[in-house]
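Novice: Got a predicted structure here, sequence first:
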Amino acid sequence: MQVNDELKLGSIILACCCFMWFYAIPNQIKGPQASLYPQSLTIVMSIISCLILIKGVRLRKNGEDGENWTFFNQATLRSLIVVPMMVVYVLLIEMVGFYAVTVASVVVFMLYFGARKPLSICLFSISLPLVIYLIIGKILSFPFPAGVLF
Amino acid sequence: MFEQLMSGLTMVLIPENLLWAALGVTFGMILGSIPGLTDNMGIVLLLPFTYYLGPIAGIALLMGLTKGGNFGGSIPAILFNIPGTPQAMVTCIDGHPLTRQGKSGKALKQALFSSVVADACSDLILIFLAAPVAMIALKIGPPEYTSIIIFSLIVISVAASERPLRGLVAVLLGLLLGTVGTDPEFGSTRLIFGVIDLADGFHIMPMVIGMLAFSEVLLQLEKQIVTRLQQMHSDSQENLFDEETSGDPANHRLSWQEFKGTLPTIFRSTGIGASIGIIPGIGTTVGSYLSYIMAKQYSRHPEKFGHGALEGVAAAEAGNNAVNGPNLIPLVTLGIPGNLAAALIMGGFMMKGLVPGPTFMQTNGDMLYALFLVLLLSNFFTLVIGYFYIKRVRKVTAIPKFYLFTGIIVFSVVGSYVSYASLFDVYMMLIFGVLGYALTKFKINLPTVIVAFFLGPMLESKFRQSLSISGDDATVFLTKPISLTFLVLTVAAVFFLLKRKKKLMTD
């Protein structure tokens, strides 16, 4: 029988509460008075996580699968590839410059999202940063990281 | 009052003042419709220029800007699921599904008309109730604040989620995220794990953009990959990234019957938004969200909410805009700004040598009523300018998904960066995006997390102040009549909502 979402969620929240109670609050907050509010929230959160766990166990006992989200499936992993792509994009902004990296990134993202016409890719990759440059850079005089290029 | 009103009217009806109000509305609408650029940012940018204008013209520009920005924020919320302003996030819930059904024009018009009606009503409330209501607001102290916030959070957690336990998880998660940063009483940093950029806590724009916009890109992308994989198995050659929306112009029209059907929701939401607006600091997001929840509870078709209900758009926009007028009541009568926009407008007043406070109405009554009338007239500009603006802007929906996804990603980066000019915020946006994606998978309501995050610091400081003034006596919340009323209301509301939910499930 699969582990249902109730059991997964309850366990994750309870683990987070344990982390908060035993590590984060004692090490990151000074004094008992300052800890009172986060501690109260953690206690309520752990009670709720226990209630969710109990619900999950009941569902399992009754032979119901409930909802079940599996992280390691092809579609999830392929959609989450966008996250490291974004990290690289942001890392390069500071080094190379916002506008230059945005032009290149728009091309990469459009190809990944399924665009195939070179003309539309070229036009969009230039026009989008240009609009940002005109409105935010010029009219509002907001500076973006320039980097070694632009 | 009538004499001051008439005197104010003659001061307002000068073309220059009306022109500045119209310019403010236009500028605010454009800024609001660009994710990350809020009306507040516009006020900050324009504030120095109002120095060169007359007192009414300068304040009219700023007030027009907040009105335009408030509606403008709903445009990207409906078209791209990116709230242009934080308070527009509730509009995403039903506005964007309408866009996906090819009814973006209908959703935008509903948002515009609901905004204008609610805003005009809230301005009338401001004009006629400013002085009497200020007397009650004066009596609201920390214990009452605490009870009102607890009431809002508990009602939201129970009403917003299909499962109340998950609603409570959302609220507690938001409150816990709000504890990161600096302790409001002792001034020491907490839960920042050595990351100095977190000393001010999580910034709201990266959080909102990450959770609502970036996570949506991930979810939509995943959905399309699933469909593509299924189609690969069935050997279909259809392009999955094509726009889903229909080009039928009838889908974009909002009929009088449709609008009439949402009028009760608009007026109920106006009442909720206006009541919340009177209390300083609670803000437009709560007004919008509570209105939405109530609209869902009272709707004949609650199952349509979240899937493109016009009532949902109407409630969110009316609740959001109705906060604006009464939000100025504590500012003009007590000198207490109800929100950031009010604080900036207060700055505008002070630049003109006008100090809002208890005597403001007596010394500058005609000018004050002139400003109230400017607010009322600005709604007409919002209606006209907004109507033409949405006609142009909705054509954007006809573009394919790869443009939209790429545009959302780039604007998410820009929107999270511009608020504090910090790339750290962009990384935070990515983290919140992944968190939002995971929470959605576990059916945890993201707007509830964000509303709780908004109210967390205020709840903490008011709770501590209450205990401090009562000598650590927790019964202070039960001995104050307004506080006790809200606590009783909380229990009654939870009971009512759970009962209604159970009835809906058995039906």
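Specialist: Received, thanks. In this text the structure is predicted, and so the values were computed from the model without any measurement. Numbers count the residues shown, from 1 in each chain, chains lettered A, B, ... in the order given.
Novice: need the next SSE after the worst-scoring helix or strand of chain A on mean pLDDT, C-terminal direction.
Specialist: Scoring the helices and strands of chain A by mean pLDDT, DSSP states H and E places helix A:74-80 at the bottom, with a mean of 87. Scanning forward in sequence from helix A:74-80 by DSSP states H and E, the next helix or strand is helix A:82-96.
Novice: for that next one, packing partners?
Specialist: Packing partners of helix A:82-96 (3 or more Cβ pairs under 8 Å, 6 or more residues apart in numbering or on different chains; DSSP states H and E): helix A:98-112, helix B:215-233, helix B:401-418, helix B:423-441. For the C-beta atoms, the positions are set from N, CA and C on the backbone; glycine is no exception.
Novice: Could you check it and say which residues are buried?
Specialist: Within helix A:82-96, the residues scored as buried using 16 or more other Cβ atoms under 10 Å in any protein chain shown are A:82, A:86, A:89-90, A:92-93, A:96.
Novice: Need the max-distance pair from these.
Specialist: A:82 and A:96 (19.9 Å; Cβ to Cβ).
Novice: ok, residue B:455 - contacts?
Specialist: Residues in contact with residue B:455 (Cβ atoms under 8 Å, 6 or more residues apart in numbering or on different chains) are B:149, B:152-153, B:174-175, B:178, B:282, B:286.
Novice: Which one of those is nearest to residue B:457?
Specialist: residue B:178 (5.3 Å).
Novice: Name all residues that make contact with the nearest residue to residue A:51 once chain neighbours are set aside.
Specialist: Leaving aside its chain neighbours, residue A:51 sits nearest to residue B:165 (5.8 Å; criterion: Cβ to Cβ, 6 or more residues apart in numbering or on different chains). By Cβ under 8 Å, 6+ apart, residue B:165 lies in contact with A:48, A:51-52, A:55.
Novice: Can you tell me which of those residues end up in helices?
Specialist: A:48, A:51-52, A:55 (DSSP state H).
Novice: Can I get these in TSV including neighbour count, pLDDT and distance to residue B:222?
Specialist: Shown next, in TSV, are the ones in helices among the contacts of residue B:165 (neighbours: other Cβ atoms under 10 Å in any protein chain shown; pLDDT from 0 to 100; distance: Cβ to Cβ, whole Å):
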residue	neighbour count	pLDDT	distance to residue B:222
A:48	22	93	28
A:51	15	92	30
A:52	26	92	24
A:55	18	89	27
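Novice: Test my guess that residue B:435 contacts residue B:212.
Specialist: No: with contact defined as Cβ atoms under 8 Å, residue B:435 does not count as touching residue B:212 (11.6 Å).
Novice: Which one's more surrounded, those two?
Specialist: residue B:212 (27 against 19; other Cβ atoms under 10 Å in any protein chain shown).
Novice: Show me what from the stretch 401-507 of chain B comes close to chain A.
Specialist: Residues of the stretch 401-507 of chain B lying near chain A by Cβ under 8 Å from any Cβ of the partner chain: B:401-403, B:405-407, B:409-410, B:413-414, B:417-418, B:421, B:423, B:426-427, B:430, B:433-434, B:437, B:441-443, B:460, B:463-464.
Novice: Near residue 22, how many other residues are there?
Specialist: No chain specified, so I'll use chain A. Using other Cβ under 10 Å: residue A:22 sits among 10 other residues.
Novice: other chain: chain B
Specialist: As a burial measure, residue B:22 scores 21 neighbours (other Cβ under 10 Å).
Novice: Could you measure from it over to chain A?
Specialist: With distances taken as Cβ to the nearest Cβ, to the nearest Å, residue B:22 is found 19 Å from chain A.
Novice: tell me the SS of that residue?
Specialist: helix (DSSP: H, G, I helix; E, B strand; the rest coil).
Novice: Relative to residue B:216, how far out is the nearest residue to residue A:70 once chain neighbours are set aside?
Specialist: Excluding the flanking residues, the one nearest residue A:70 by Cβ to Cβ, 6+ apart is residue A:76, at 7.8 Å. Between residue A:76 and residue B:216 the computed distance is 15 Å (Cβ to Cβ, to the nearest Å).
Novice: Of the two, give the one with the bigger neighbour count.
Specialist: Set side by side, residue A:76 and residue B:216 show more neighbours around residue B:216, with 23 against 17, by other Cβ under 10 Å.
Novice: can you pull the contacts of the residue nearest to the more buried one when sequence neighbours are not counted?
Specialist: Nearest non-adjacent residue to residue B:216, counting by Cβ to Cβ, 6+ apart: residue B:81, 4.8 Å away. By Cβ under 8 Å, 6+ apart, the residues touching residue B:81 are B:92, B:96, B:212-213, B:216, B:408.
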